[in-house]
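Novice: Sequence first, then the predicted structure:
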Amino acid sequence: MTGASVQFLRVTSLGSSRNCTPAVGLPETAGQDEDMQKPRVLIVGTGIAGIACARALRDAGVTARVVDRGRRPGGRMASRTINGRAVDLGAAYFTAEPGTPFAEVVNGWLARGLARPWTDTVAVAGPEGIQRHSTGPMRYAAPLGLRELVVDLARGIDIEQGVTVDAIPEGYDTVVLAMPDPQARRLVPIDNTSEWIPSIAVVLEGATREWAPFHAAFVNEHPVLTTLADDGDRRGDGAAVLVAHTTAELAREHLDDPDGAIPEVVAAVKNLLTLDDSLAHTFAHRWTFARPAAQHPEPFFLADGIGICGDAWGQRSAVSTAWASGDALGRAIATR
């Protein structure tokens, strides 16, 4: 894929932003000096990969413009405030291999209380319930939600939120697409990109914590669930909140109406954890592109003025992979 040819497309429209005037195309920043301050790089997407790319460029002295169609940075590390507390809807946790550059970032979060060690033990479940527990690497969580970690990385970086890019604009040396491959394909005709799997995240809030203690569970061979996390345990506040993620099959049935998946998820979770009481509150969030079906062996794509980065670029889909992909792409652009 690294040798693929990319055809540049014409900008057709741009949505409004709180930080720029609605216009056709991406307007120049008012008052810029010529080449000295004009951004060489445009980054589209403010998940952790896009922000890591922006930081690497900034550290190398390369000016970049960063835009995103959402209201806040975060991407699939999204958190939503429900009944006054943050609930993670995307990634359930993150890991960090000791001695890696990402581990240094994590150590900074830990030192400032933005992240916390959560657990090294997860449950393995099936249709009949939790079957066993498995020990592995330390999983980290964030007391204020994983989104706040991306927000922290973005400090000092000017981001234009609410901007929709419908096509690749001219005027930049490099355009970085920090997004899932199917979204990147809408902007550039690149072959050999990966397919992605959908999921629906369902938040379930109970009156009490009536389930047996567990941290998180991988659910195998289940028609409804793939993962289940105790968000009160994850957040450290003991709230009676669970977050379930559905199978791709169930998600595809309800992509147009995520709330339609709630009854099946509620029934499946109650059966899995043998719950008796009704759940006080539920909320569903659609992830059309939840995770890649396959990984690219390269850490990023960079050719013909187009860069692509994210958690599909590396050994496994993970927060650490997304950060490393964006960081490596930013460094590679800076040396060109």
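Specialist: Structure's in. What do you need?
Novice: Where in this protein is the helix or strand with the lowest mean pLDDT?
Specialist: Least confident helix or strand of the chain, by mean pLDDT, DSSP states H and E, is strand 79-82 with a mean of 92.
Novice: Partner strands of that strand and their direction?
Specialist: Each strand paired with strand 79-82, and its direction, by DSSP bridges: strand 85-88 (antiparallel).
Novice: What is the subsequent helix or strand relative to the partner strand?
Specialist: Remark: after strand 85-88, the chain's next helix or strand is helix 101-111, criterion DSSP states H and E.
Novice: thinking again about what came up before, using neighbour counts, pick out the buried residues of the least confident helix or strand of the chain.
Specialist: Within strand 79-82, the residues that count as buried by 16 or more other Cβ atoms under 10 Å are 79-80, 82. The way it works is simple: take the backbone N, C-alpha and C, and place the C-beta from them, glycine included.
Novice: Quick check: bridge partners of Thr282?
Specialist: Leu204.
Novice: ok, now which ones touch the nearest residue to Val105 once chain neighbours are set aside?
Specialist: Spatial nearest neighbour of Val105, excluding adjacent residues (Cβ to Cβ, 6 or more residues apart in numbering): Trp323 at 7.0 Å. With contact taken as Cβ atoms under 8 Å, 6 or more residues apart in numbering, Trp323 is in contact with 48-49, 52, 102, 105.
Novice: what's around Gly47, how many residues?
Specialist: Residues lying near Gly47 (other Cβ atoms under 10 Å) number 29.
Novice: isn't it right next to Arg76, touching?
Specialist: Yes - counting by Cβ atoms under 8 Å, Gly47 touches Arg76, with 6.1 Å between them.
Novice: any idea which element Asn271 lies in?
Specialist: helix 262-273.
Novice: just checking, what packs against that helix?
Specialist: strand 129-141, strand 196-205, strand 225-230, strand 241-246, strand 281-292 (3 or more Cβ pairs under 8 Å, 6 or more residues apart in numbering; DSSP states H and E).
Novice: average model confidence for it?
Specialist: Mean per-residue pLDDT for helix 262-273: 95.
Novice: buried set for that helix?
Specialist: Across helix 262-273, burial judged by 16+ other Cβ under 10 Å covers 262, 264-266, 268-270, 272-273.
Novice: Which of these sits closest to Gly330?
Specialist: Val265 (38.2 Å; Cβ to Cβ).
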